Structure formats: structure tokens, C-alpha cells
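kindly generate the corresponding structure for this input.
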Amino acid sequence: MATISTQLRNFKEPTKDQHTELFFSIPRTESAISGKGGVDDGHDRMEINAVLSLGIQGEEDSYAGKLYLLPPYLAFASLDRKSAKFTVPLCTIRRVERLNARAGIYALSLSLWHGMKIIVQLTSLRPSADLFCSLLRDALKAELQAGRMKTVKAFSKTCYSENLVLESSPVADNEREDGSLIDGDKGPDGAGFMFLGGLGLKFKFPGDPKKLREASKTKLWTNYLKTHGRHLTLLRYPQCTRLVQVGLPNRLRGEMWETLSGSIYLRFLNPGVYERLLEENKGRMNTATEEIEKDLHRSLPEYPAYQSEEGIGALRRVLQAYSFKNPETGYCQAMNILAAAILIYMSEEQAFWLLEVICDRLLPGYYSTSMHGTLLDQRVFESLVASRLPILHEHFQEVDVQLSVASLPWFLSLFINSMPMVFAFRIVDCFFCMGSKVLFQVGLAVLKINGEKLLQIQDDGGFIHLMRDYFGSLGESAHPSSPDPRVRAITRFQELLLVSFREFAIITDETIQAERRKFRSEVITSIESFSKRSAIRNLKTLERFSKDQVGLIYDALYRAICIEPPPKVVPPPPALLTTKDGMEERPETRIELKTFRIFLSEIATWARDDKIVMNGFQQRVDRDVAEHELIDRLFFFWDTSYRGALSLQDLVSGLDGVMFNDLMENIEWFFNLHDKNKDGFLTKDEVLTLSESLLFIFRFEVGDAYLGAISRFMSNAFEYGDALLPQSDGDGSDPPQLDSNQPYLNLATFRMVILAEEVLESFFETDLSASFKLEPVPLMELPSTNSGFLNGLWSTIATDDNKKLFNKFSDELGKTIGKHQVVHRPSIGRHHALEEPRARESLLTPSMRRSSSKSSLSSPIEGSTAADSASMTSITSSTATLTVDPNVASNVEQPLASAEFSPMPMVHAAQVALMERTPFAIDDAKDEDEDSEEEDEAGEDDGVMDEVDAFLEAHDSGLSEADKQLANDLIHAEPVK
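Below is the predicted model:
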């Protein structure tokens with residue numbers, strides 16, 4: 001099974017709007033599954049300069065910044081983008097008033113649903129302020145009409161912060177010191193609250209509440225939430241960041257995680273989606289669910305909840321729901337650690353949406369099939385170590401220690417699997433508050449603190465052992481021998497946070513993004529190489545190809561998928577899925593007909609149109625993908641599993657069936673390709689279709705050797721076919737006529753007809769197999785990093801559309817000065833002379849040819865449909881275009897023996913492509929007696945050739961001097977490398 005993804009090559013740098021959404025933790029439009037809204041419900045966005053003030057006098061300083069209207073959200077960020085920040089859903093705003101301030105001041109008062117007021121002074125010009133207010137009014141009206149304002153109060157009852165801000169908490173008497181419930185009851189209390197919480201409410205939270213100072217933290221946060229809003233309306237001032245760094249209280253941690261990350265907005269916009277996903281996919285089994293089952297009991301097994309079915313069941317449901325919603329990602333190892341950790345503090349629905357935000361936005365690509373995000377950040381981390389800790393980096397290089405051996409688990413599990421949970425959750429608190437840069441800052445701090453010991457290690461084992469010992473001692477004093485008791489009280493974990501956020505504060509989000517752009521191409525190339533080796537290794541058989549040859553097939557397939565991506569696999573309805581008794585098939589990349597045409601154009605010379613364009617300014621080769629019934633027929637011929645799509649294994653097996661054939665095997669392969677019902681016979685319609693396929697293959701060949709060979713092939717095929725039909729009983733009547741869809745020509749007869757033509761015999765012996773060429777395909781361009789002004793400018797100019805525009809302009813200029821020429825490169829290229837080889841003598845004896853069916857050429861055409869007649873291929877050579885009309889053949893009343901048939905009408909049509917076909921006397925020849933045929937047999941060849949010579953002497957070739965020069969250039973043209 002091979003899964004081929006081009007997602008990495010389709011990567012595009014986030015736009016300005018996307019950066020804004022990421023900064024304010026706003027869900028993207030497509031994330032709102034229920035259709036109740038995401039970002040931008042069709043309303044205009046706008047940003048304006050503003051000054052933010054809290055409605056309480058002296059509580060907070062005022063901050064200058066920008067106010068963003070991002071329907072259905074209103075957001076603000078200070079000028080330094082870190083001091084003050086908020087994201088407020090418009091549905092939480094109950095009143096907007098313009099304040100009556102002194103002249104020249106344009107200020108608004110925003111009253112939120114719980115009574116808090118925000119003062120915003122608009123400092124832009126008056127017209128801009130008026131426009132902003134108008135757009136804000138329209139967006140608020142839309143929220144009111146959508147009915148979301150009514151859902152805010154009910155949603156707030158699920159948030160524990162509402163309980164904290166009350167003067168007398170209705171649940172305080174039922175809580176332990178660490179925040180867990182005494183009786184484990186999570187039901188609604190007397191006031192109607194339904195606070196959400198995690199497994200810690202029943203199984204207790206990790207750590208000693210006294211050492212963690214839970215009571216003090218809770219009091220600090222209660223005071224902050226009373227004045228700065230909560231959950232949907234939290235205002236993030238500098239005090240908020242400091243409180244997060246100190247540590248979140250256990251009971252409030254889950255809600256703050258979803259608030260800081262923005263997953264609370266997804267939960268608010270999509271009520272009931274989590275339960276519906278589980279219900280619709282109940283009993284469904286696939287590869288992801290199988291992997292999930294394997295890892296359930298390896299997820300934080302030391303925590304009591306995961307030693308019971310309650311905890312295991314909750315973890316299973318969250319991971320399965322995520323895999324059902326994101327089938328392309330499914331499940332990746334380390335997701336179980338992440339989900340198990342957040343379930344301690346959050347309900348299943350909260351954990352589901354938080355996992356969605358982590359995998360999709362905070363750590364993109366970390367948990368994908370290729371794990372490209374993780375590999376990219378590991379490369380970035382190594383670069384940061386080399387620049388910030390150069391001595392340590394050089395030592396690692398000398399002793400060949402792989403930094404990723406230890407750092408990869410840090411990033412994948414957010415340090416949860418590396419250090420005690422009470423400390424790891426402090427890191428996670430900062431991660432949700434400040435972003436992914438925290439992982440790099442903490443990682444660098446770990447290496448710096450242990451720098452002297454790390455310089456003593458000699459291998460990977462020593463590195464891992466040292467890190468394990470350090471993380472196990474994070475609760476110990478960092479300076480146990482200090483005489484100052486305050487210094488002795490500083491733990492190693494506190495030291496770690498201090499070094500992380502002070503010494504490595506220089507590591508910003510911009511630094512990380514710049515490093516990612518720098519190494520993205522390198523990582524993509526590495527992943528693609530690994531994916532290629534994996535796909536080849538997973539094939540059931542390589543057939544008769546070597547690994548290198550299969551690699552070339554893979555490259556052609558990958559290029560085709562990049563140009564024409566196959567449609568996403570849509571899973572069948574849940575009712576049709578396998579249940580616990582069976583498993584869904586593992587995902588496998590399969591291409592459809594459009595992609596197959598591009599793939600075949602990279603492999604088969606006749607499946608493409610290589611045009612050598614010369615315009616006096618440049619010489620280039622333009623490649624067009626051919627479309628013909630032969631290519632479609634080959635697609636379905638190789639689709640042996642009748643899926644309507646081909647896998648890499650199907651392509652390898654299909655190419656093996658033609659590229660290693662000898663003469664007889666190729667003839668049989670071509671016969672079977674056109675034998676639609678696989679009965680061992682070709683009908684008259686199928687014989688015509690086969691001849692059209694040959695005409696398509698030879699459409700760009702020089703001269704008329706192939707054209708004449710196909711003409712004689714058609715004549716011989718119907719003559720031999722008629723000769724082998726059951727004869728009449730001797731009464732002199734004509735043999736019975738067959739319908740055009742009845743069995744007519746078997747393989748033995750077809751083989752005899754092919755062998756009667758030297759040109760076709762040569763084609764099937766060597767040229768057919770040789771036309772499938774496994775050659776290195778041109779390298780696809782990797783996504784531009786847009787690093788630097790010049791690089792960004794060049795990538796903007798040198799686009800494919802601009803290149804096509806330049807080529808079109810140069811072609812038009814070349815036509816103007818008379819130097820524009822287009823030469824079609826031949827697909828076979830064996831015959832370069834314009835003369836036609838002589839036909840072989842007929843294989844039929846005179847006695848066999850006594851049955852002269854008048855309809856030997858006409859009957860198959862007369863019996864065919866109009867569509868069959870119209871589908872005869874236009875044959876284009878380098879000098880002219882020939883259209884073979886089947887109605888011409890149907891007007892022939894007399895069967896022509898192979899020695900009597902003259903291709904001169906077709907030759908003349910090739911010479912005067914745009915003129916009406918000239919009638920020749922031989923076309924109207926009447927039947928002659930059988931005896932005269934036998935008598936004239938010996939001397940007919942010479943007579944026909946004399947007529948041909950006389951015709952050529954009496955008639956002009958029909959070619960202009962330019963056409964002749966063009967044909968001569970084609971004969972002597974060098975192949976383009």
C-alpha cells in the first residue's frame with residue numbers, strides 16, 4: 001500500500017489575514033463545522049488605530065494599538081503586540097455608545113454581557129472612524145439576527161470561572177484543597193451551573209496542593225477575572241502573562257487552556273458536534289482506531305484514571321472523534337500522551353476541540369502522516385543550538401551525538417513525557433499563552449543549564465541518561481549549598497523558567513518563522529525521498545523492474561499528482577462501513593484518468609505532443625498532454641481491480657506487461673487491449689478502433705510509411721477476415737454478412753495480418769516496447785520561501801503564467817518577422833525518408849481470394865454508429881494534416897488485394913491538407929473476373945509502381961518552399977536534451 005501526498009509542495013506562506021487570525025486565536029471559517037459561523041460571515045473587515053482603556057478607574061494603564069473588526073469577532077493588540085490583547089465575540093457585546101468627550105476625540109464604550117466596560121478611543125481620521133462604527137453596527141445586527149447572543153449565558157454556565165467570581169461559591173463546600181470534588185459529583189448544582197471538568201475532579205490532580213500553593217493562585221486569578229473578564233471575554237494584560245508563568249490553579253487550568261488557545265470559540269460555535277461525530281461513527285473500525293487501541297494503555301499509565309475503564313474510555317472517544325473528523329491525519333503516536341494529559345483538566349468535548357487547535361494551528365504538521373512539522377522544527381532547533389550554544393553544538397558534532405534523540409520527544413509531547421507532570425503542565429500553561437516559541441526557549445535553557453555535563457558525554461546513551469536524571473531532579477534546590485535560605489529555596493524548575501524567559505527571550509515568533517522558511521525546502525526533499533523509498537518497499541512485487549526503474553515510475557507518478565492532484569478520498573456513509581467484525585482498507589493513493597494521462601505522457605512518447613518552437617528569439621520545447629481513446633482504453637485495461645483508479649502497483653504491473661515483450665507478446669498485448677469483451681475475437685468495429693489507435697501513435701511520423709502500412713493493414717484485415725468466414729454451399733451466392741459487433745478476427749489471423757506488413761512488424765518487435773521510456777523527470781520546483789526582497793520579487797515575476805505570456809509574445813513577434821516555426825517531434829522516429837516501403841506480397845493464395853466480398857471494407861463502417869465514423873483520428877505530420885474519412889472507404893465497391901491497393905489517394909491528401917481530396921480512377925474500379933485476377937497477379941506490382949511514378953512526375957508535391965524547409969529541418973533535427 002502506497003500513500004503519496006503532495007501537501008508539502010502545496011504549502012503557501014500564511015497571508016496577512018491568516019497571520020492575524022493566528023495571533024488572535026480566531027478559528028478559521030472552515031473550522032466551524034456546524035455552519036453557524038467562523039471568521040468573516042460575509043461582512044467587511046477593518047482595522048483602525050485606537051487606545052484601549054479599562055472601564056475601571058486606575059485598574060490598568062491605557063495602551064495604544066490597533067482595533068480589528070473581524071466578524072464575528074472584535075480584537076485589539078497593543079503596539080508591541082504583547083502588553084495588551086483581547087479577542088471578544090461580537091455576540092457578547094450588549095451595548096455600544098459613543099462617549100461625549102472633548103472636541104476631536106472619538107471614543108466608544110463597549111458594554112459586555114456580564115457588565116464589564118471597555119473604552120476604546122479611535123485615533124484615526126474622522127471618516128475612518130465613522131466607517132468603522134458603521135461596519136461594527138452592521139456586524140452586531142448580523143449577530144443579533146443569527147441568534148448567537150441568546151446562547152452566551154447558557155454557555156457561560158459550563159465555565160468554572162463564573163463560579164469563582166461569585167461572592168459565595170455554590171460548589172466551594174464540595175471541593176478539596178486541590179480543586180477536585182469530594183464526592184466526585186459533576187452534575188448541576190442548586191444554582192443550575194454545569195461546570196465542565198476533567199478526570200482530576202474524581203481521580204485528583206497531580207501534585208501536592210500545598211506545595212503548589214493552589215489557594216494563593218486561585219485567589220489571584222479570582223481577582224483578575226473579576227476586573228478583566230473571563231472565558232469568551234478575557235482581556236489579556238501583562239498581569240495575565242505573569243500569572244500564567246506562576247502557574248494556573250488546577251480547577252481553572254482546563255478553562256484557561258481553551259481560552260488562551262482559542263479552542264473555546266470552536267466549542268461555542270459548534271455545540272453538539274463532538275457527540276454527533278461519535279454517534280455517526282459508532283462501531284466504525286479503521287487503521288486509526290486500530291492504532292489508537294494499541295496505545296490506550298500506554299498513555300500516562302501512572303495516573304490513576306488511566307488504570308480504570310472510565311479514563312481509558314474517555315481517551316478512546318476523544319482520539320477516535322478526532323480521527324473521524326480529520327481522516328487525512330487520523331492518528332499519530334504522541335497524540336495519546338497529549339490527549340491523556342489535557343483530559344485530566346478538561347471534559348471530553350473541551351479536550352476534543354483543544355486537540356483540534358493544537359494539531360491544526362499551534363503545531364501544524366507535528367502529528368501528520370509525514371510529521372513534517374516536527375522534523376522541520378527539529379532542524380530549526382539544531383540551528384538555534386548552533387547559533388546560541390556553539391561550543392555545545394561543536395561537541396555534539398565531534399562525538400556524533402544526535403540532538404533529536406532527546407529533543408524530538410520534548411516537542412512532540414510538550415515535555416509531558418519527559419518531566420514530572422506537575423512541572424510539565426507549567427510548561428504547557430506557558431505554551432498556550434505565548435505560543436510554540438516556548439518549546440524552543442525551554443529546550444535551549446535545558447541544554448545551557450546542563451552545558452558542562454553535556455560536554456563530558458560521548459554518545460547518545462549518555463545524553464539521554466543525563467537528561468533523564470536532570471528532569472527527575474527538577475523539584476530539588478538549584479543551589480543546595482548556598483548559605484542564603486532564599487537562594488536555597490529556588491528549585492531547578494524555577495531556574496529553568498528563569499533562564500528560558502530571560503536569557504532566551506531573544507527567540508521570538510519571527511525568529512522561528514524565519515528559520516522555518518530557511519530549512520523548509522531541505523526538510524521537504526528529505527521527507528519526499530523517504531516517502532519514495534517507503535512506497536517502493538511496500539509494493540507487493542516489482543515485477544521485472546529494478547528498484548531504480550520503479551523509482552523512475554514513482555517520479556513520473558509524483559509529478560503527475562503534483563500537476564493534477566487526485567480527488568480526496570471521500571469515506572462511504574457510516575452505515576456502509578465495516579463494523580467490529582471487519583476493518584476498513586488501509587488508505588492508498590490512486591489516480592484517476594486525468595492524472596493518468598499526465599503520467600503516461602511522461603512515460604510513453606506517443607502520449608504527448610512535443611513541439612519544437614522556433615521564433616527567431618528562442619528555441620523551446622512545449623509539451624502538451626495527448627488525449628485519445630487509446631489512452632483511456634489503456635487506463636481501464638490496467639485497472640484490473642475495477643476501481644476506476646490506478647495505484648502505483650497497478651502502474652508497475654501494467655508497464656511490466658508491455659515493456660519486456662517480444663514480437664508475438666506485443667501483438668497479443670495490443671490485440672487484448674482492443675478486445676473489449678475478452679472473447680478472443682475482434683469485431684469489425686474493434687478492428688477500426690485498433691487502426692485508429694495505430695494512426696494516433698504514428699500521427700507525427702515523417703513520410704507516409706506508417707500511413708501506407710495502416711492502410712494496407714485495414715485492407716488485409718478485412719480481406720483475411722472475409723476469407724476465413726464460413727463459405728456458401730457452392731451455389732455461387734455471397735457468404736453471409738456479419739454485423740459490425742459480431743466476432744470477426746481472432747488472434748491468429750490478426751498476427752498474420754501484422755506480419756504481412758514489414759513496418760508494423762518492426763513496430764511491434766521493438767518500437768512499441770521502446771516507446772515506453774523510463775527517464776528522469778524534470779524536478780518540480782519547491783515552494784518559494786520568499787526570504788528577502790529580491791527573492792520575493794523574483795518569485796512574483798517568474799511565475800508560470802508570466803512565462804507563458806512571454807512565450808506567447810515572442811511567438812507573435814516571430815510570426816510578424818516570418819521566423820516562427822513549430823516542429824512536432826516524432827514518437828517513433830524510425831523512418832526519416834519520405835518514400836514509402838513496398839508492401840509484402842499477400843499471404844492469401846488465389847483460391848483463398850476467390851471469395852470477394854463487396855463489403856469487405858464497407859460493411860464494418862456501414863454497421864458502425866455515427867460516433868464511430870466521426871472518431872477517425874486526424875493524422876498530423878510535420879508538413880501537413882491528413883484526415884481519414886471512413887465514408888471514403890465505404891464507397892469502395894470492390895475488395896482490393898494487397899498488391900492492387902494504392903495508397904496514393906492518402907498520400908495526395910497528406911500533401912494538400914486543406915483542399916478537397918482528389919478522386920482517382922482507381923477508387924472507381926469495377927469488379928473483374930476471378931480468372932483475370934489470377935492471370936494478372938504476377939505483373940501487378942510493377943504496373944502499380946509505374947502509375948505512381950507517372951503521377952509524381954505529372955503533379956506538383958503541393959508543398960511550399962517553407963513547408964519543404966520545415967520538413968527538412970525535422971529530418972535533421974537533433975533531439976532536445
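
distance of the closest residue to residue 610 other than its chain neighbours from residue 766?
Nearest residue to residue 610 in three dimensions, chain neighbours excluded: residue 825, at 4.0 Å (CB to CB, 6 or more residues apart in numbering). Where C-beta positions appear, they are placed from N, C-alpha and C, glycine not excepted. Taking CB to CB, to the nearest Å as the criterion, residue 825 is separated from residue 766 by 19 Å.

looking at the two, which is more packed in?
residue 825 (19 against 15; other CB atoms under 10 Å).

quick check: that one vs residue 700, distance?
7 Å.

cool, and residue 516?
Counting by CB to CB, the separation of residue 516 from residue 700 is 47 Å.

show me what stretch 399-410 is in contact with.
334, 374, 378, 381-382, 385, 395-396, 417-418, 439, 442-443, 446, 457-460, 463-464, 467 (CB atoms under 8 Å, 6 or more residues apart in numbering).

go again with 7 Å.
374, 378, 381-382, 385, 396, 417-418, 439, 443, 457-460, 463-464, 467 (CB atoms under 7 Å, 6 or more residues apart in numbering).

low-scoring stretches of the stretch 651-800 of the chain, by residue?
726-740, 779-800 (pLDDT under 70).

quick one: the strands in it?
Secondary structure of the stretch 651-800 of the chain (DSSP state E, counting those that start in this stretch): strands at 681-682, 745-746.

can you name the element that comes right after the helix or strand where residue 531 lies?
Assigned by DSSP states H and E, residue 531 belongs to helix 509-537. Once the chain leaves helix 509-537, the next helix or strand it forms, by DSSP H and E, is helix 547-563.

got the buried residues for that next one?
Within helix 547-563, the residues that count as buried by 16 or more other CB atoms under 10 Å are 549-563.

just to revisit the earlier point, so which of the contacts of stretch 399-410 sit within strands?
Of the positions in the contacts of stretch 399-410, not one sits in strands, assigned by DSSP state E.

separate out the buried members of these.
374, 378, 381-382, 385, 396, 417-418, 439, 443, 457, 460, 463, 467.

list the contacts for the closest residue in space to residue 647 that isn't next to it in sequence?
Residue nearest to residue 647 in three dimensions, not counting chain neighbours: residue 590, with 5.1 Å by CB to CB, 6+ apart. Residues counted as contacts of residue 590 (CB under 7 Å, 6+ apart) are 566, 643, 645-647.

for residue 650, see how far away residue 590 is.
8 Å.

if I look at those two, which residues touch both of them?
With CB under 7 Å, 6+ apart, residue 590 and residue 650 have no common neighbours.

picking up where we left off before, can you state the direction angle for the helix holding residue 531 and helix 547-563?
Relative orientation of helix 509-537 and helix 547-563, computed by axes from the mean of the first three to the mean of the last three CA atoms, to 10 degrees: 130 degrees.

packing partners for helix 509-537?
helix 372-388, helix 437-449, helix 547-563 (3 or more CB pairs under 7 Å, 6 or more residues apart in numbering; DSSP states H and E).

so which of the ones you listed is nearest residue 630?
Proximity to residue 630 (CB to CB) singles out helix 547-563 among the helices and strands packed on helix 509-537, at 17.8 Å.

and the residue nearest to residue 301 when sequence neighbours are not counted, how many neighbours?
Spatially, and ignoring its direct neighbours in sequence, residue 301 is nearest to residue 307 (6.9 Å; CB to CB, 6+ apart). Applying other CB under 10 Å, we find 14 residues neighbouring residue 307.

same thing with residue 544?
Residue 544 has 12 neighbours, counted by other CB under 10 Å.

I'd guessed it sits against residue 656; true?
Yes: Residue 544 lies in contact with residue 656 (CB atoms under 7 Å); the separation is 5.5 Å.

domain parsing for this structure?
Segmentation of the chain into domains, based on the TED database, reads 43-155, 197-367, 370-538, 540-569+588-725+739-783+800-830.

point out the most buried one among the ones you listed.
Neighbour counts (mean count of other CB atoms under 10 Å) averaged over each of the domains of the chain peak at domain 197-367, with a mean of 20.

perfect, that will be all.
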